[in-house]
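Participant: Fold the following and give me the result.
(2 chains)
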Amino acid sequence: MAEVLVYVDHVDGAVRKPTLELLTLARRIGEPVAVALGNGAGDTAAALAEHGAVKVLTHEAAEYADYLVVPKVDALQAAHEAVSPAAVLVPSSAEGKEIAARLALRLGSGIITDAVDLEAGDEGPVATQSVFAASFTTKSRVSKGTPVITVKPNSAAVEAAPAAGAVEALSVTFSAQATGTKVTGRTPRESTGRPELTEAAIVVSGGRGVNGAENFAIIEALADSLGAAVGASRAAVDAGWYPHTNQVGQTGKSVSPQLYIANGISGAIQHRAGMQTSKTIVAINKDAEAPIFDLVDYGVVGDLFDVVPALTEEIKTRKG
Amino acid sequence: MSLRIVVTVKYVPDATGDRHFADDLTVDRDDVDGLLSELDEYAVEQALQISENSDDDVEITVLTVGPEDAKDALRKALSMGADKAIHVEDDDIHGTDAIGTSLVLAKAIEKAGYDLVISGMASTDGTMGVVPALLAERLGVPQVTLLSEVSVEDGTVKGRRDGDAASENLEASLPAVVSVTDQSGEARYPSFKGIMAAKKKPVESWDLSDLDIDAEEVGLEGAYTTVDGAAERPARTAGTIVKDEGEGGKQLAEFLAGQKFI
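Facilitator: Residues are numbered from 1 along each chain as shown, chains lettered A, B, ... in the order given. Reported below is the predicted structural model:
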């Protein structure tokens, strides 16, 4: 059976959920061979084996943290030479897309980004993408070289599928370009204790209607009652009420949770682009004419300062 | 010292228009008004700011690949303050994917001459966000991408990249490829004077033969990816909408409980 390379996104050995989702998709095409790089790479093996990796290629070097993107491209290229895979799958993070693009160019391959589904096909893997602010879905495939495909978070379920997960050291020679862009400083984000926005099952977002940074406390309280991540519209971010890292929309994160709750968000096309593929959509807005109501499964026309706290209270009561 | 900046820009269909696909599954550009991709305005803005903050003699060239109408995007960038423009136009380019587009841009950038390339973070139509990385790979220069802050001093470009897990400070020697996000600073509006001046600024037109690119390397034929189908997403079925009469929160909780979210 053909092997499929899966690039592992991990933090000091803790594998992030989108990578486990990639393993689910990789198993549809072939046998997953994971590539884990940098500090803690070896510690990823157990989780990867549990979810179907037959092999885990690892390489630890300071370059992965000290320089931008290119060292990882060099390593993935080395893995490609070692394995000759049927496809290379990479999580669709900002960095993941850059790594995948440069790898594709080196391999003389085509690249598909932001797939939301992946199936085996007669002429190679077929990727489903959601385009034009999620108003269309397309089916595409790579027609030249080894398909390089990046996949969005929440595109597949994480499935237990125990496999050998044999750890092998990957031999990597860094290219001349590897040390071109130096990372001179790194400030880790402070943990909020909430789920990662793109990976969360439930996202609670606030927009212009929240009307002030201090008022985001009621959005956060609702999110915490549901174990949800907090998002914000561009209007709220531009006003300085909430960090840009939480922005949902065209120039922020694209999310596809089981449940999306939009509070005081009108639903401009740029926002819809980032949340329209959510399974269930709920909105609370004062304006009955707000375009967000065209998308909802359930909408409440009302003042979010009345409805949101009442909802939070009711959820707490029901959860006991 | 002189600093040659090339800003890559894209002419895109208006995102608020009714975008759809043409019969050959390329983006239909006929029925929707086009404009300079909003995210590229940030790239033009940062080029202008680098120029304004520099003691060097800075020349800003805006570069686009696209059909005749794409000149509108160049004109907008010129009216914001760029010095000159290059328009790569060729019928054989129709249907070119990201890999092919990066080839055309890289050849044009090399022909134009550059110390710094600045791109937006992504186009607002294709939204892949991979062209800056592809340009760096093709040109063999450092990639300093997705910056929310950028500065150039003494042949070094520095910037801040706000990632998911951390905020990183980056540094590279010129020549380099930079991309900037929408957090890098609001783009200026062209002034009346700028609009008038732009009419007199030079716009060069190049085709594939000027760049020594064969037609087979680009276009739908040269594409590395194939779109097999495109379907409009079915409209979401109309949901239940209630007016809050004091019970809105409870009613919503009831719905969420029914959907097993509580």
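Participant: Return the residues in contact with the closest residue to residue A:278 other than its chain neighbours.
Facilitator: Nearest non-adjacent residue to residue A:278, counting by C-beta to C-beta, 6 or more residues apart in numbering or on different chains: residue A:260, 3.8 Å away. Any C-beta I mention is one placed from the backbone N, CA and C, and that applies to glycine too. Contacts for residue A:260 (C-beta atoms under 8 Å, 6 or more residues apart in numbering or on different chains) come out as A:202, A:203, A:205, A:275, A:278, A:280, A:281, A:282.
Participant: In helices, which of those residues appear?
Facilitator: Mapping these onto helices (DSSP state H) picks out residue A:275.
Participant: Export the contacts of residue A:260 to a markdown table and append columns for distance to residue A:183.
Facilitator: What follows is the contacts of residue A:260, written out as a markdown table (distance: C-beta to C-beta, whole Å):
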| residue | distance to residue A:183 |
| --- | --- |
| A:202 | 33 |
| A:203 | 30 |
| A:205 | 31 |
| A:275 | 31 |
| A:278 | 34 |
| A:280 | 40 |
| A:281 | 38 |
| A:282 | 40 |
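Participant: the helices in the stretch 51-200 of chain A, which residues?
Facilitator: A:63-66, A:70-83, A:94-107 (DSSP state H, counting those that start in this stretch).
Participant: and chain B, which of those helices is closest to it?
Facilitator: Across those, chain B has its closest neighbour in helix A:94-107 (3.6 Å, C-beta to the nearest C-beta).
Participant: Of the contacts of residue A:260, which is the most crowded?
Facilitator: Neighbour tally across these (other C-beta atoms under 10 Å in any protein chain shown): the maximum, 31 neighbours, falls on residue A:205.
Participant: is that one in a bridge, and if so with what?
Facilitator: residue A:231, residue A:262 (DSSP bridges).
Participant: looking only at pLDDT, what's the mean for the host helix or strand of residue A:47?
Facilitator: Here residue A:47 sits within helix A:45-50, counting by DSSP states H and E. Per-residue pLDDT values over helix A:45-50 give a mean of 98.
Participant: Count the neighbours of residue A:35 for me.
Facilitator: Neighbours around residue A:35, by other C-beta under 10 Å: 29.
Participant: oh, I was asking about residue B:121
Facilitator: 23.
Participant: now it, nearest residue through space, not along the chain?
Facilitator: residue B:181 (4.7 Å).
Participant: Show me what stretch A:307-320 is in contact with.
Facilitator: So stretch A:307-320 is in contact with A:218-219, A:221-222, A:225-226, A:263, A:284, A:300, B:244, B:248-250, B:252-253, B:256-257, B:262, going by C-beta under 8 Å, 6+ apart.
Participant: out of those residues, which are buried?
Facilitator: A:218-219, A:221-222, A:225-226, A:263, A:284, A:300, B:244, B:248-250, B:252-253, B:256, B:262 (16 or more other C-beta atoms under 10 Å in any protein chain shown).
Participant: Helices - which of these land there?
Facilitator: Those of these lying in helices (DSSP H): A:218, A:219, A:221, A:222, A:225, A:226, B:248, B:249, B:250, B:252, B:253, B:256.
Participant: will you turn those into JSON lines that also has pLDDT and distance to residue B:86?
Facilitator: Below are these laid out as JSON lines (pLDDT from 0 to 100; distance: C-beta to C-beta, whole Å):
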{"residue": "A:218", "pLDDT": "98", "distance to residue B:86": "51"}
{"residue": "A:219", "pLDDT": "98", "distance to residue B:86": "47"}
{"residue": "A:221", "pLDDT": "98", "distance to residue B:86": "53"}
{"residue": "A:222", "pLDDT": "98", "distance to residue B:86": "51"}
{"residue": "A:225", "pLDDT": "97", "distance to residue B:86": "55"}
{"residue": "A:226", "pLDDT": "97", "distance to residue B:86": "52"}
{"residue": "B:248", "pLDDT": "96", "distance to residue B:86": "56"}
{"residue": "B:249", "pLDDT": "96", "distance to residue B:86": "58"}
{"residue": "B:250", "pLDDT": "95", "distance to residue B:86": "62"}
{"residue": "B:252", "pLDDT": "97", "distance to residue B:86": "55"}
{"residue": "B:253", "pLDDT": "97", "distance to residue B:86": "59"}
{"residue": "B:256", "pLDDT": "97", "distance to residue B:86": "55"}
